[in-house]
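Q: Below are the sequence and a predicted model; questions follow.
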Amino acid sequence: MLAVPTDITQREDIDRLVATTLDQFGKVDILANVAGISSSPSLCDATDEMLEAVVDINLLGAARLMHAVLPAMKARRSGSIVHVGSVAGEAGVLGIYSASKFGLRGLCDSVRREVRSFGITVSLIEPGLIRSANPKEANRPGPQIVADAILGAIARPRRAVIVPWPYRLPVFLVNLFPGIADIVFGDARIQELLNNDARSAPQRQGSAKSK
């Protein structure tokens, strides 16, 4: 096992991570991109610094990591790439966070088609609400469900996997009837609930560090 602390907002860190991995193991079989940070549901609540950080980590970080590992994977004509997105990348309800996850979904689709002939697979895991250390979230599924989905996508590549499964129907309906989603999530009371929940506690920004 080799741990290489890496800031995925810094290209030199990413290049060092990949070079170290290739020196140690001679190849990169799997890239699992799990780094990400959240944002306020309201775009108006976000600072300019937050806007940049969310895009830099959630979207550009994933793009940079793929850009760094793909030459080695293409040379071997094999490899598995798995990204962790969000159901918020299917339904725009969380400001710049949703935008970054929509972008990640498009990036995954594009790169999957670009590298398909090289035997490289690209999968996207889209979790719903997952339990964290917050006691109020005790009834949510734990992070193991996401870890299991990543392993499953490596063993049996799929375009996208939504977890837990009850989110699949709402996502299907949002995509099928976007006008209804506009009405529901455009309701002032729904927006107030979303924003009050976010404002009740400081945003816990995830780390840009990856190992």
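A: Perfect, thanks for sending it.
Q: Only C-alpha atoms from now on, for both contacts and neighbour counts.
A: Will do.
Q: helices or strands next to the longest strand seen in the chain in the packing?
A: With secondary structure taken from DSSP state E, the chain has its longest strand at strand 120-127. The contact analysis (3 or more CA pairs under 8 Å, 6 or more residues apart in numbering; DSSP states H and E) places strand 120-127 against strand 79-84, helix 95-115, helix 144-155, strand 160-163.
Q: Find the residue at the geometric middle of this protein.
A: In the chain, the centroid-proximal residue (CA atoms, centre = their mean) is residue 85; its distance is 2.7 Å.
Q: ok, residue 55 - how many residues close by?
A: 22 (other CA atoms under 10 Å).
Q: ok, now which ones touch the residue lying closest to residue 137 once chain neighbours are set aside?
A: Nearest residue to residue 137, sequence neighbours excluded (CA to CA, 6 or more residues apart in numbering): residue 131, at 5.3 Å. Going by CA atoms under 8 Å, 6 or more residues apart in numbering, residue 131 touches 137, 138, 139, 140, 141, 142, 143.
Q: Going along the chain, name the helices of this structure.
A: According to DSSP state H, the chain carries its helices in the segments 11-25, 48-55, 61-76, 95-115, 144-155, 168-176, 178-185, 188-199.
Q: I'd like the ones you listed written out as JSON lines, with distance to residue 39 and mean pLDDT added.
A: Shown next, in JSON lines, are the helices of the chain (distance: least, CA to CA, whole Å; pLDDT from 0 to 100):
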{"stretch": "helix 11-25", "distance to residue 39": "23", "mean pLDDT": "97"}
{"stretch": "helix 48-55", "distance to residue 39": "7", "mean pLDDT": "97"}
{"stretch": "helix 61-76", "distance to residue 39": "16", "mean pLDDT": "98"}
{"stretch": "helix 95-115", "distance to residue 39": "6", "mean pLDDT": "97"}
{"stretch": "helix 144-155", "distance to residue 39": "20", "mean pLDDT": "97"}
{"stretch": "helix 168-176", "distance to residue 39": "21", "mean pLDDT": "94"}
{"stretch": "helix 178-185", "distance to residue 39": "17", "mean pLDDT": "91"}
{"stretch": "helix 188-199", "distance to residue 39": "9", "mean pLDDT": "78"}
